[in-house]
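**Q** Task: produce atomic coordinates for the following.
(3 chains)
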Amino acid sequence: MPASWTLLIVLALAAAGFLIGRSRVLAAVGGDSRKLHSRTGYYGWNIALFTAVPALFLIAIWLFAQPDVNRMVLAGVSLVLAGAGLFLSLGRTAPDFRARNAVEAFVRGLLILCSSIAILTTAGIVLSMLFETGHFFTQYPWKEFFFGTTWSPRFGGGSQLGMLPLLWGTLYISMIALAVSIPIGLFAAIYMSEYASPRMRSVAKPLIEVLAGIPTIVYGLFALITVGPLLRDYFAQPLGLGTSGSSVMTAGLVMGIMLIPFVSSLSDDIINAVPQSLRDGALGLGSTKSETVRKVVLPAALPGIVGAILLAASRAIGETMIVVLGAGAAAKMGLNPFEAMTTITVKIVSQLTGDTDFSAPETLVAFALGLTLFVLTLGLNVLALYVVRKYREQYE
Amino acid sequence: MNDMRILERAVSQTDIKISARKVQVYYGEKHALKDVDVDIQDKTVTAFIGPSGCGKSTFLRCLNRMNDTIDSCRVEGRIALDGEDIYDKRVDPVQLRARVGMVFQKPNPFPKSIYDNVAYGPRIHGLARNRTELDEIVEKSLRGAALWNEVKDRLAEPGTGLSGGQQQRLCIARAVATQPEVLLMDEPCSALDPIATSQVEDLIDQLRSEFSVVIVTHSMQQAARVSQKTAFFHLGNLVEFGNTDDIFTRPHDPRTESYISGRIG
Amino acid sequence: MTDATNPAAPVERPSLLVPDARTAKRNAAEARFRAYGLSAIIISLLALVVLLFTIFAGGAGAFRQTFLHVPVTLDAAQLDKKGNGDIEDIKKVMTLTYGKLLDQSVQDLIAKQGITIEGLTDKDVANLVSKEASAQLRNMVLADPSVIGQTVDARVLVNGRVDGYFKGRVTMESAARDSNTSPAQLQLAETLKDKGLLAKEWNWAFLTNPDASDQRPEAAGVGVAILGSLYMMLVVLFLAVPIGVAAAIYLEEFAPKNRLTDIIEVNISNLAAVPSIVFGILGLAAFINFAHLPQSAPIVGGLVLVLMTLPRIIIPARAALKAVPPSIRDAALGVGASKMQSVFHHVLPLATPGILTGVILGLAQALGETAPLLLIGMVAFVKNFPSAPPAGLFDPASALPVQVYNWTQRADPAFMERASGAIIVLLVFLLCMNLFAVFLRRKFERRW
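**A** Numbering: from 1, shown residues only, chains lettered A, B, ... in the order given. From the prediction side, this is the model:
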């Protein structure tokens, strides 16, 4: 409880500072607020901010870095800091003090701090994974990780941690997902923007986008209880291709469904960005609508669509829940799509859940896998964002 | 062989290429064009003039059914090309537009090479049996649009890389390549500088020898320079239609007179 | 220019009223293309319908549970041995005692109703009710000790297999092979149902109960998971929203165009596309291994979701700020407001609906996120409710999507129904949030 009490005391100090500062400057000019540089509230805010913010930051950072700190010490230090802030800012309070500028500079600093959290996050991701990956490579040769074709972790030691089977599973499933989502998503987008009546568009477009709002765990469950058994009973077993409900096909199909709205809404934006004058030009020459789309609109939109596909691919590679529930756990490098295979994300989950020992290579390998995943998706994203931005500039 | 065809066409040709009777156009509730009667002659440049929003572009777009692409638009009355009603249910607008080509206000070359831009129409309509014939059509069309000498060495470069005036002439070449009978031009010079404008105007004059040209323009001087017939539209009505000389020198309707003397517009 | 007089050779064309062969072919291609487009849309919508239908069909059962109504004589001699009604003494009596009492009551009920079924063993009778039923009975007594000594009509959960029989999951054939149930037990249940003593009833407990162990799927609920998700949403709301909006304001309104701003921008758009599991790894390394925050705690899950949600709040918030016309900023600056005043007094209020819409959609996405939470130990089996915040943020809890995953990993197929049921709860929450976002967008359409 002391943390909460400290918090309350700091806030109370700040509130008191606000009131004191405001009344003090008003008293200094005999109640005539026109003689002040700034409006009275700013003098109060100046004190409140300088009292509360540094102390609150101290508490937050200290608690984060060292949660088991002696709470009394923490309370003492932060109260001293709050008191110092109060005292100093109160000392500066005078009618000709530029309180508004001081408050605005302070707020601006806070805003900058907030926007740099994004960079901190990225740095955190990269550093945490680099650090542990480095750790991993001191215990396991990197060549065998990147080029090994066997994945068999054994917690007793003597594990083989080759990444290739996982990478193969990831790419295989992603390819199936893209093979499902690109034609369907693209054709849906074309139909929406070129053929559908406004009424149909206003109904079908939001409905397709509902697919994008459904959490991936739902798709995972769908793969596990519906699609998997269906494929097994009606395709894999009659064709003699496998007896497993979890398979590359199951995960790929369901992931494809998940990606449809992603591909279609991005393509829709991009197709709509193609100027109407190009369509008119083609129609005016006697093209049919489909000729206009295939020979003029799509080639013009191609870079943008490629960008959208790259983004979809990055999604597919990083997707976790669908493959955890739909693809299986067997690390294999086969071609049979009705066989269970596994992916990088599945193995990250399985190596990091349950009882984990952070000095064993079997656990640390997850960080190396995570870094690989991060680099792969980052590359795709940067490329995609670059392509899409170039495309947008072309028509702006 | 070409000469034979020209001969055949000369025989089959009637003087009036397009005749419009009692044409009404509605955009939803709005009655945009009322009772328009116009006869457009072959091998003639007909200009539509009038203040903006008067319906001249709307009427132009009726002539090759480009208005079909606007959902709320409805056309009534009869427009006939060579005596056949183009709004007949059996008419395929795709087939119609191959015979009534169109050039737009803003140059809109496709983001393809110059060659592919011109070859687009012949390809979709299957006008060439082989590459040689296609090359021939492209060259003829580019010559027809007075662009050949400027682009013959860079046919593979993108059409979007040309200057504004060149782009518009490329669009004209593209329309000519489909071998239409009528060429509709919707303010083709409004996005061009004076020099490019005069080049395109010269071109329009040359095109007259082969096509019936209909041009919408907001510039009276341009109408006077390039056209033989002029139609003046005002607030959705066709006010006056006649020889260009007559319209500009002896207008019958007081509204026409006000417009050409600059009092309305 | 002499070429102009001899353009491309004119082609003789037939009447417009007669379609030529080529046009017919092209129109057929057009019709095919259109059909592809339409079928793409139909496939997408069909997928949506099938997905929702299977989840709802599979999960609706979780909200209806089979209960047995059995008169239980709460024997004071066993439950309140000292006979003084002291709650502390009554608490000392364990569920085992209640279990025996319940077994006896069920036996009595069967005898009283004159039910005789061939091959019915005592074990079948004892297992008819859920293993959780004795705890239910005990809680009932602890809530109101005055019932001791009376005969009450207890409404207790029935075993998951028997419940499964009434939901079509268990058949007589499968029961014969199953050591946890028997055809005789199912016949007994059938008979009791005919007599109106056993029925499927609305099951509030699914929403309020905590998770239950492998042996008692019938008692499992999403109570702890809902609370855990709620706590995490609170963390996201109190951290991601102010930070995200502040960052958006800075980047859109104040940031100078320089390298640093560029880097931040590229960074944010990339972060929005980083796979969520990577945030889980970050959470594990930073919050648990480095900062030693407790595993399975909503605060850790919340912090991970904060980092993940930030870019998804910043991007739409910036779009909303950008949509406010510059004339409004100019007007404020023109009357002598500072840049800061023009933003906070004029631009921000106008952009609020747009920002809020983005915030809600970001929260909705965070609510459904599963993968990163698996890595920070939210998969643990949690039976106790976390206490009230802020202290409760550090107690172990579950989260709705993780609870779903958790149940899919259990052996008993009854947990699949639970998982689908939990998804229905999750989807209802998401639907409400999205409807609210749509409402906001409609209500505050742009006014300029």
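
**Q** only C-alpha atoms for contact and neighbour calcs from this point on.
**A** Fine.

**Q** what's residue 74 in contact with, if anything?
**A** By default, I'm working from chain A. A:Ile59, A:Trp62 (C-alpha atoms under 8 Å, 6 or more residues apart in numbering or on different chains).

**Q** To clarify, I was referring to chain B.
**A** B:Val25, B:Tyr26, B:Tyr27, B:Gly28.

**Q** Which strand or helix spans it?
**A** Using DSSP states H and E, B:Arg74 maps to strand B:73-81.

**Q** Check the offset of that strand from the chain's centre.
**A** 17 Å (C-alpha atoms, centre = their mean, to the nearest Å).

**Q** For the contacts of B:Arg74, which single residue is the most surrounded?
**A** Sorting the contacts of B:Arg74 by how many neighbours each has (other C-alpha atoms under 10 Å in any protein chain shown) puts B:Val25 first, at 24 neighbours.

**Q** doesn't it fall inside a helix?
**A** No - judged by DSSP: H, G, I helix; E, B strand; the rest coil, B:Val25 forms no part of a helix; its state is strand.

**Q** That one touches B:Gly55, doesn't it?
**A** No - contact between B:Val25 and B:Gly55 fails when scored by C-alpha atoms under 8 Å: they sit 9.1 Å apart.

**Q** which residues are common contacts for these two?
**A** B:Ala32, B:Leu33.

**Q** okay, residue 179: pLDDT?
**A** Went with chain A since none was named. With respect to pLDDT, A:Ala179 has a value of 96.

**Q** oops, chain C please
**A** 82.

**Q** what's the neighbour count on it?
**A** C:Ser179 is flanked by 8 other residues according to other C-alpha under 10 Å.

**Q** returning to that earlier point: next, format the contacts of B:Arg74 as CSV and append pLDDT and distance to chain A.
**A** Putting the contacts of B:Arg74 into CSV (pLDDT from 0 to 100; distance: C-alpha to the nearest C-alpha, whole Å) gives the following:
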residue, pLDDT, distance to chain A
B:Val25, 92, 19
B:Tyr26, 92, 19
B:Tyr27, 90, 16
B:Gly28, 87, 14
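
**Q** Nearest to chain C among these?
**A** B:Val25 (22.2 Å; C-alpha to the nearest C-alpha).

**Q** so after the helix or strand where A:Ala204 lies, what's the next helix or strand?
**A** A:Ala204 belongs to helix A:198-213 when elements are defined using DSSP H and E. Proceeding N to C from helix A:198-213, the next assigned helix or strand is helix A:216-222, under DSSP H and E.

**Q** List the contacts of the helix holding A:Ala204.
**A** So helix A:198-213 is in contact with A:192, A:257-262, A:265, C:41, C:44-45, C:48, C:365, going by C-alpha under 8 Å, 6+ apart.

**Q** contacting residues around C:Gly160?
**A** Applying C-alpha under 8 Å, 6+ apart to C:Gly160 gives the contacts C:Ser130, C:Arg216, C:Pro217, C:Glu218, C:Ala414.

**Q** State the pLDDT value of the fourth one.
**A** Looking back up the chat, that one is C:Glu218. For C:Glu218, the pLDDT comes out at 88.

**Q** I'd like to know how far the closest residue in space to it that isn't next to it in sequence sits from chain A.
**A** Spatial nearest neighbour of C:Glu218, chain neighbours left out: C:Gly160 (5.0 Å); criterion: C-alpha to C-alpha, 6 or more residues apart in numbering or on different chains. C:Gly160 is 19 Å from chain A, where distance means C-alpha to the nearest C-alpha, to the nearest Å.

**Q** List the buried residues for stretch A:114-133?
**A** A:114-119, A:121-122, A:124-130, A:132-133 (16 or more other C-alpha atoms under 10 Å in any protein chain shown).

**Q** scratch that, stretch B:137-157 is what I was asking about
**A** Buried, per 16+ other C-alpha under 10 Å, within stretch B:137-157: B:137-148, B:151, B:155.

**Q** Downstream of the strand holding B:Arg74, the next helix or strand is which one?
**A** Taking DSSP H and E, what comes next after strand B:73-81 is strand B:84-85.

**Q** average model confidence for that next one?
**A** 90.

**Q** from the middle of its chain, how far away would that strand be?
**A** Put simply, strand B:84-85 sits 19 Å off its chain's centre (C-alpha atoms, centre = their mean).

**Q** Neighbouring strands of that strand in the sheet, and parallel or not?
**A** Counting by DSSP bridges, the strands paired with strand B:84-85 are strand B:73-81 (antiparallel).

**Q** List the buried residues in the strand it pairs with.
**A** B:Cys73, B:Arg74, B:Val75, B:Gly77, B:Arg78, B:Ile79, B:Ala80, B:Leu81.

**Q** List phi and psi for the residue lying closest to the fifth one once chain neighbours are set aside.
**A** So that's B:Arg78. Excluding the flanking residues, the one nearest B:Arg78 by C-alpha to C-alpha, 6+ apart is B:Arg21, at 5.3 Å. Dihedral pair for B:Arg21: phi -130, psi 130, per degrees, to the nearest 10.
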